[in-house]
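S.K.: what's the 3D shape of this:
(one chain, ligands or ions: 1)
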Amino acid sequence: MKTVIIAGGKGTRIASSFSEIPKAMIPVEGKPVIQRQVEMAASYGFKDFIFLTGHLGDVIRDYFKDGSSLGVNITYCQEKEPLGTAGALRQARELLTEDFFVFYGDTVMDVDMEHMLRFHRENRSDATLFVHPNDHPYDSDIVETDSSHRITAFRLKPHEEGFISRNQVNASLFILSPKVVDEIPEAVRLNLEKDIFPSCLDKGMRFFGYPSAEYIKDMGTPERYAEVCADVRSGRVAALNRRNLRPAVFLDRDGVINVEKGFLSREEDMELIEGAAGGIARINASGWLAIVVTNQPVIARGDCSWEELGRINARMETLLGQEHAFVNDIYICPHHPDKGFPGERPEYKIVCDCRKPAPGMLLKAAGDWGIDLSRSIMIGDHDRDVMAGENAGVMASVKIPSNEPYALSKVLEEYL
Ligand SMILES: [Zn+2]
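M.R.: Numbers count the residues shown, from 1 in each chain. From the prediction side, this is the model:
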């Protein structure tokens, strides 16, 4: 399987001292960023590369030559004029006979490529996009997915006032089928994410978002460049690879993140507790995962559809995003065991293994995200939350007072 690295960008925006080398050659802790990418892919056995070069492409070619000094094979495609990410990829069409990875040459990352490829194959995906939440969703391009991670829409910025959405953005790491490249017109300057992906989606191609909490960041500005260098130095980049189990903070929703007002079934009733976003931002900064586990018997009762519940959660993510905080995932138990009420949905009126105090949601999250439960904590405002944490075997399971400002932050101070 080949890896295509789009390496045409100039280095000028990052620092004037790098203006004579391409962005991909800018050193991060003594090594060109693109070399870090090559070594990452090679460590998973992906040793065939196509470098799409542009401005100052000969600097890259002179450095890597055919790749043999790194034990890999490199083919070059040099663009004569800037063609954008899509146009550059179109030039390599003949070399692409099967699905391939795409990297942007100015990205610092450490990603379990094998895990991502497995996801791509299991979904029989035409295009798999690495997605994650970020701390400024309000001015980011949003990727919308359904419950099976299939992409349903791209919501490109700028967003209208009052825009509500899940916090999920694409991080410029893809696995693509050559079918996608066939959609790119020749010799036109176009952008993959803005011009090509949306039209592929309109044609019914199978696009999936691969959710991950691994480190991936472009170094597009001097500030970001300084950040990625510090993160490589401290070991943070490598530590967040999916192969390393991570601790999580499991959070109940109502009464812990948002104000509990009986059974919440209307979007406008989603209101954050003061200080909750700050607490969650602290989890984000710590490298722990923030995972919501919530009993929502409103589904079983028929008070709320999945769509309505989705909008309520999107509003929560939007409000958190406005305060630069995010959750990595939301697990929902829609069930309730007591039957015999008007309007209820009998298919959800069952005894399940996910309704807290059962540990089902925590155990599922642990498998999905590679969580070390023995280093994780559960925070809720009911005894059933504490019991769910204990039943899952977390390190600490803590009850906080419902709806109390800053209660979440206080607990987190003890553990993070
Ligand atoms: Zn359940």
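S.K.: contacts for stretch 292-310?
M.R.: 147, 250-254, 257, 263-267, 312, 327, 329-336, 341, 343-345, 348-349, 355-356, 361-362, 365, 378, 384, 388 (Cβ atoms under 8 Å, 6 or more residues apart in numbering). Heads up, the C-betas are built off the backbone N, CA and C, glycines and all.
S.K.: buried ones among the residues you listed?
M.R.: With neighbours counted using 16 or more other Cβ atoms under 10 Å, these contain these buried positions: 250-254, 257, 264-265, 267, 312, 327, 329-336, 344, 348-349, 355-356, 361-362, 365, 378, 384, 388.
S.K.: out of those residues, who's near the ion?
M.R.: 333, 335, 355 (Cβ under 5 Å from the ion).
S.K.: measure Asp338 to the ion for me?
M.R.: 13 Å (Cβ to the ion, to the nearest Å).
S.K.: chain neighbours aside, what residue packs nearest to that residue?
M.R.: Closest residue in space to Asp338, ignoring its immediate chain neighbours: Lys349 at 7.2 Å, by Cβ to Cβ, 6 or more residues apart in numbering.
S.K.: that neighbour: what's it in contact with?
M.R.: By Cβ under 8 Å, 6+ apart, the neighbours of Lys349 are 300, 335-339.
S.K.: okay, now the unreliable bits of the stretch 251-400 of the chain?
M.R.: The stretch 251-400 of the chain contains no residues with pLDDT under 70.
S.K.: tell me the residues of it that contact the ion?
M.R.: 333, 335, 352, 354-355.
S.K.: now do the SS call for the residue of the stretch 51-200 of the chain found nearest the ion.
M.R.: Residue nearest to the ion within the stretch 51-200 of the chain (Cβ to the ion): Ser147, separated by 14.7 Å. Assigned state for Ser147: coil (three-state reduction, DSSP: H, G, I helix; E, B strand; the rest coil).
S.K.: just the ones of the contacts of stretch 292-310 in strands?
M.R.: 250-251, 329-333, 378 (DSSP state E).
S.K.: how about these, which pair is most distant?
M.R.: Largest separation among the ones in strands among the contacts of stretch 292-310 by Cβ to Cβ: Ile332 and Met378, giving 16.1 Å.
S.K.: what about the closest residue to Glu29 other than its chain neighbours, how many residues nearby?
M.R.: Of all residues not flanking Glu29 in the chain, Val232 sits nearest, at 4.8 Å (Cβ to Cβ, 6+ apart). For Val232, the count of nearby residues is 20 (other Cβ atoms under 10 Å).
S.K.: i'd like the first residue to be 42 from this point on
M.R.: Happy to do that; since the first residue is 42 now, the last one works out to Val273.
S.K.: distance check, Val273 against Leu453.
M.R.: Distance, Val273 to Leu453, using Cβ to Cβ, to the nearest Å: 27 Å.
S.K.: so who does the residue nearest in space to the middle of the chain touch?
M.R.: Taking Cα atoms, centre = their mean, the centroid of the chain lies closest to His173, which sits 1.5 Å from it. Residues near His173 by Cβ under 8 Å, 6+ apart: 209-210, 212, 252-254, 257.
S.K.: show me what it is bridged to.
M.R.: Beta-bridge partners of His173, counted by DSSP bridges, are Val210.
S.K.: on the three-state scheme, Asp394 is what?
M.R.: Going by three-state DSSP: Asp394 is coil.
S.K.: repeat that for Lys121.
M.R.: Assigned by three-state DSSP, the conformation of Lys121 is coil.
S.K.: can you tell me how far it is from Asp147?
M.R.: 21 Å.
S.K.: in the stretch 42-191 of the chain, where is pLDDT below threshold?
M.R.: 52-60.
S.K.: helices along that one, start to end?
M.R.: 74-84, 98-105, 125-131, 154-163 (DSSP state H, counting those that start in this stretch).
S.K.: now mean neighbour count and distance to the ion too, for the ones you listed, in TSV please.
M.R.: Below are those laid out as TSV (neighbours: other Cβ atoms under 10 Å; distance: least, Cβ to the ion, whole Å):
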stretch	mean neighbour count	distance to the ion
helix 74-84	20	39
helix 98-105	16	53
helix 125-131	23	43
helix 154-163	16	24
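S.K.: out of the contacts of Lys390, which is nearest to the ion?
M.R.: His376 (3.5 Å).
S.K.: neighbours around Lys220, how many?
M.R.: Using other Cβ under 10 Å: Lys220 sits among 14 other residues.
S.K.: actually Pro446, sorry about that
M.R.: For Pro446, using other Cβ under 10 Å, the count is 11.
S.K.: just give the nearest non-adjacent residue to it, would you?
M.R.: Glu315 (3.9 Å).
S.K.: same check, this time on Val143
M.R.: Phe215 is the one closest to Val143 (Cβ to Cβ, 6+ apart), at 4.4 Å.
S.K.: contacting residues around the host helix or strand of the one you found?
M.R.: For Phe215, the element it lies in under DSSP states H and E is strand 210-217. Contacts to strand 210-217, defined as Cβ under 8 Å, 6+ apart, come from residues 140-145, 148, 150, 152, 157-158, 161, 166-175, 178, 181-184, 233-234, 250, 257, 259.
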